[in-house]
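Trainee: For reference, the sequence and a predicted model appear below.
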Amino acid sequence: MANVTLGGVNYLVQLDTGSSDLWVLNSPTPIPNANITSLNCNLTYGIGWAYGDVAYVKAEFAGISVPSQAFLDVSSAQNPALSYGAIGLLGLGFDSLSNIDALLNSTGASTGRSLLYNLFQDNPSEPNFIALSLQSTSDDDQVTGSFAIGETESQYSNVTSTNKIPTWPVNSPSRWNVLLDSFIVGTETYSVSTGVEGAPSNKAVVLLDSGTSYTYAPTDVCQSIYGGVSGAEYNSGLGQWTVPCDAEINIALQFDNQIFPIHPLDVSPASSSDPSICVGSFLPQSVSVGAGQFDWLIGDNVLRSVYAVYDFGDFVSSGTMGNPYVQMLSLVNPNQASVEFHDVRGGTPQNNITYNASSGDSESTTVTLSADVANTIDSLSKYLPAMLAVMALNALVLVILAVVALVLLCRRRGRGARARKTPGRLSPMPMNITTTRYPDYANPQELHTYQPVSMALTEDTLFAPPSPAFKGESRPGDRPKSVA
């Protein structure tokens with residue numbers, strides 16, 4: 001969570017990459033200097049809702065001001081964010097997913113664009129990306145993180161050197177959807193598939209949603225994660241798996257040929273009502289969720305393990321904006337994560353845990369653990385002299401290959417992706433501490449169905465018609481007009 005300033009007053013809001021609207025409760029104190037309109041709107045979420053009047057107010061977020069920002073002045077709401085200190089919600093998604101913008105468009109107005117859209121529009125020198133982390137270090141910790149616009153935290157600056165993961169669809173997306181290559185559990189890599197029309201058949205379309213605690217995935221995926229764990233079983237009453245708390249589950253996700261391990265404490269969190277019971281944070285879904293728009297909904301149990309940059313598109317030499325993308329930096333050292341897991345849960349940690357990226361043509365690969373490494377080294381040591389001789393004979397070939405690689409690298413860098421020469425106008429600010437690790441898991445005795453916190457759906461699950469997503473315009477000219 002973070003503070004947004006409306007009418008000169010700070011309000012604590014939940015940051016949500018899965019929606020695009022800003023709403024704040026107007027009680028017990030009305031929002032000062034707000035211009036209330038006669039338009040009212042009901043934002044319906046997978047769990048919860050917010051009802052109020054469309055209004056305008058001077059807003060400031062992350063040190064950047066917008067003179068007139070449309071938001072929902074909420075008179076009544078039910079949302080999990082309210083139970084842990086927030087007084088509203090700030091959507092960080094694309095403008096085309098905004099219900100407020102669609103409502104105002106229906107009246108002929110074009111003043112309902114999202115706060116992020118206006119921040120970039122009104123501040124053309126600002127690099128148009130956001131950086132977000134949700135960190136955790138133990139099973140019962142107070143979750144902290146950071147958020148920044150236009151810059152990254154210095155300790156995570158390497159994130160800008162990671163692969164740029166395209167959104168899906170690549171052009172004008174409405175959500176932060178990306179393609180998942182595969183997932184690794186223990187010593188086996190599993191292929192994925194999709195139910196999303198037009199997506200590659202050997203990928204899964206996943207939504208990155210910071211407003212949801214759990215990850216919702218197909219039934220067979222959850223079976224692969226928890227089915228092989230001794231003592232684990234699917235609890236139909238809960239709608240999720242229960243797992244022995246001392247069972248370490250090593251899992252990693254692969255995006256764009258990059259591996260991202262998930263902290264084992266986040267794979268099987270302790271129940272909030274009974275700490276002796278641990279539950280699976282990957283919840284089974286038998287069909288593609290989100291009206292066929294994505295296959296998985298990835299929540300905080302995964303996003304805690306990465307530092308992510310959500311870029312609305314680089315400006316290219318012609319002055320137009322390129323396609324949006326995501327960059328992620330792993331925050332999890334698998335060996336250290338194993339130590340942290342067993343410090344909390346008991347038992348002996350593993351070591352030398354490694355994950356190998358699978359190629360596009362490979363259906364599986366393995367995770368090499370310490371025992372395998374030790375046996376392999378012992379066997380190879382007998383033949384080490386002969387191996388060294390072969391390596392000596394090939395030294396010349398290696399030198400040539402190194403020279404070729406250096407030349408190719410220099411050519412690649414010479415092509416020049418946009419360098420972010422303009423620093424962000426914000427130093428990363430701490431996000432407020434939440435009171436529990438998994439606020440969605442309020443009552444383990446009730447059936448746990450698909451309940452993303454942040455899906456701003458209309459009641460019939462239809463979305464606002466898409467418009468170009470911060471794309472194709474030159475600075476400092478107007479960004480695209482959204483459509484009704």
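Mentor: Perfect, thanks for sending it.

Trainee: rest of the way, CA atoms for contacts and neighbours
Mentor: Fine.

Trainee: who does residue 146 bridge with?
Mentor: residue 133, residue 430 (DSSP bridges).

Trainee: I figured it hits residue 132, correct?
Mentor: Yes. With contact defined as Cα atoms under 8 Å, residue 146 counts as touching residue 132 (5.8 Å).

Trainee: Mind checking which of these two has more residues around it?
Mentor: Neighbours per residue, other Cα atoms under 10 Å: of residue 146 and residue 132, the larger number sits with residue 132, 25 against 20.

Trainee: Could I get the contacting residues of the more buried one?
Mentor: Residue 132 makes contacts with 145-148, 307-309, as judged by Cα atoms under 8 Å, 6 or more residues apart in numbering.

Trainee: okay, the residues you listed in TSV with distance to residue 201 and pLDDT next?
Mentor: Below are the contacts of residue 132 laid out as TSV (distance: Cα to Cα, whole Å; pLDDT from 0 to 100):
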residue	distance to residue 201	pLDDT
145	35	78
146	35	84
147	34	87
148	35	89
307	28	95
308	26	96
309	26	96
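
Trainee: Would you check which pair of those residues lies furthest apart?
Mentor: The span of these, defined through Cα to Cα, is set by 145 and 309 at 13.6 Å.

Trainee: of these two, who's got more company?
Mentor: residue 309 (25 against 19).

Trainee: show me where this structure has helices.
Mentor: With helices called from DSSP state H, the chain shows them at 80-83, 99-105, 115-122, 219-226, 264-267, 300-303, 334-345, 370-381, 384-393, 395-414.

Trainee: and these, which one's lowest on average pLDDT?
Mentor: Set side by side, those give their lowest mean pLDDT on helix 370-381, at a mean of 41.

Trainee: any idea how far residue 216 lies from residue 206?
Mentor: Using Cα to Cα, to the nearest Å, residue 216 is found at 10 Å from residue 206.

Trainee: Now for these two: what residues contact both?
Mentor: 296-298.

Trainee: Tell me who's in contact with residue 231.
Mentor: 243-244.

Trainee: Next up, phi/psi of it, please.
Mentor: With angles defined as degrees, to the nearest 10, residue 231 shows backbone torsions of phi 90, psi -10.

Trainee: How about residue 122: what's its closest non-neighbour residue?
Mentor: Leaving aside its sequence neighbours, residue 122 sits nearest to residue 66 (Cα to Cα, 6 or more residues apart in numbering; 6.9 Å).

Trainee: So that neighbour sits against residue 120, correct?
Mentor: No. Assessed by Cα under 8 Å, residue 66 is found out of contact with residue 120, at 9.5 Å.

Trainee: If you count surrounding residues, which of these two has more?
Mentor: For residue 66 versus residue 120, neighbours defined as other Cα under 10 Å are more numerous around residue 120 (22 against 19).

Trainee: Restricting to C-alpha, output stretch 195-205 in CSV.
Mentor: Output in CSV follows, covering the C-alpha atoms of stretch 195-205 (Å, rounded to 0.1, in the frame of the first residue of the first chain):
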residue,chain,number,x,y,z
GLY,A,195,-7.1,-21.5,-23.5
VAL,A,196,-6.7,-17.9,-24.7
GLU,A,197,-7.6,-17.5,-28.3
GLY,A,198,-4.6,-16.6,-30.5
ALA,A,199,-1.9,-17.2,-27.8
PRO,A,200,0.9,-19.7,-28.5
SER,A,201,-0.3,-23.2,-27.7
ASN,A,202,2.9,-24.0,-25.7
LYS,A,203,2.6,-21.0,-23.4
ALA,A,204,0.2,-19.9,-20.7
VAL,A,205,-1.2,-16.4,-20.5
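
Trainee: Run through who's touching the strand of greatest length in the chain.
Mentor: As assigned by DSSP state E, the longest strand anywhere in the chain is strand 64-78. Here strand 64-78 makes contact (Cα under 8 Å, 6+ apart) with 21-27, 31, 36, 41, 48-60, 100, 111-115, 118-119, 122, 425.

Trainee: would you turn the contacts of residue 132 into a markdown table with distance to residue 173?
Mentor: Shown next, in a markdown table, are these (distance: Cα to Cα, whole Å):
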| residue | distance to residue 173 |
| --- | --- |
| 145 | 26 |
| 146 | 25 |
| 147 | 22 |
| 148 | 22 |
| 307 | 22 |
| 308 | 18 |
| 309 | 16 |
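
Trainee: Nearest to residue 126 among those?
Mentor: residue 148 (11.7 Å).

Trainee: So that closest one sits against residue 92, correct?
Mentor: No. If you go by Cα under 8 Å, residue 148 and residue 92 don't touch, sitting 11.9 Å apart.

Trainee: Which residue lies closest in space to residue 179, excluding its sequence neighbours?
Mentor: Nearest to residue 179 is residue 205, by Cα to Cα, 6+ apart, at 4.8 Å.

Trainee: Below-threshold pLDDT in the stretch 1-150 of the chain: ranges please.
Mentor: 46, 135-144 (pLDDT under 70).

Trainee: the strands in it, which residues?
Mentor: 2-6, 9-16, 22-25, 35-44, 49-61, 64-78, 88-91, 129-135, 144-149 (DSSP state E, counting those that start in this stretch).

Trainee: which of those strands is buried the deepest?
Mentor: strand 88-91 (a mean of 28; mean count of other Cα atoms under 10 Å).

Trainee: Which neighbouring elements make contact with it?
Mentor: strand 9-16, strand 22-25, helix 80-83 (3 or more Cα pairs under 8 Å, 6 or more residues apart in numbering; DSSP states H and E).

Trainee: Kindly recompute the last result at 6 Å.
Mentor: strand 9-16, strand 22-25 (3 or more Cα pairs under 6 Å, 6 or more residues apart in numbering; DSSP states H and E).

Trainee: So what touches the last one?
Mentor: Right, the one you point to is strand 22-25. 71-74, 87-91 (Cα atoms under 6 Å, 6 or more residues apart in numbering).

Trainee: That'll do, ta.
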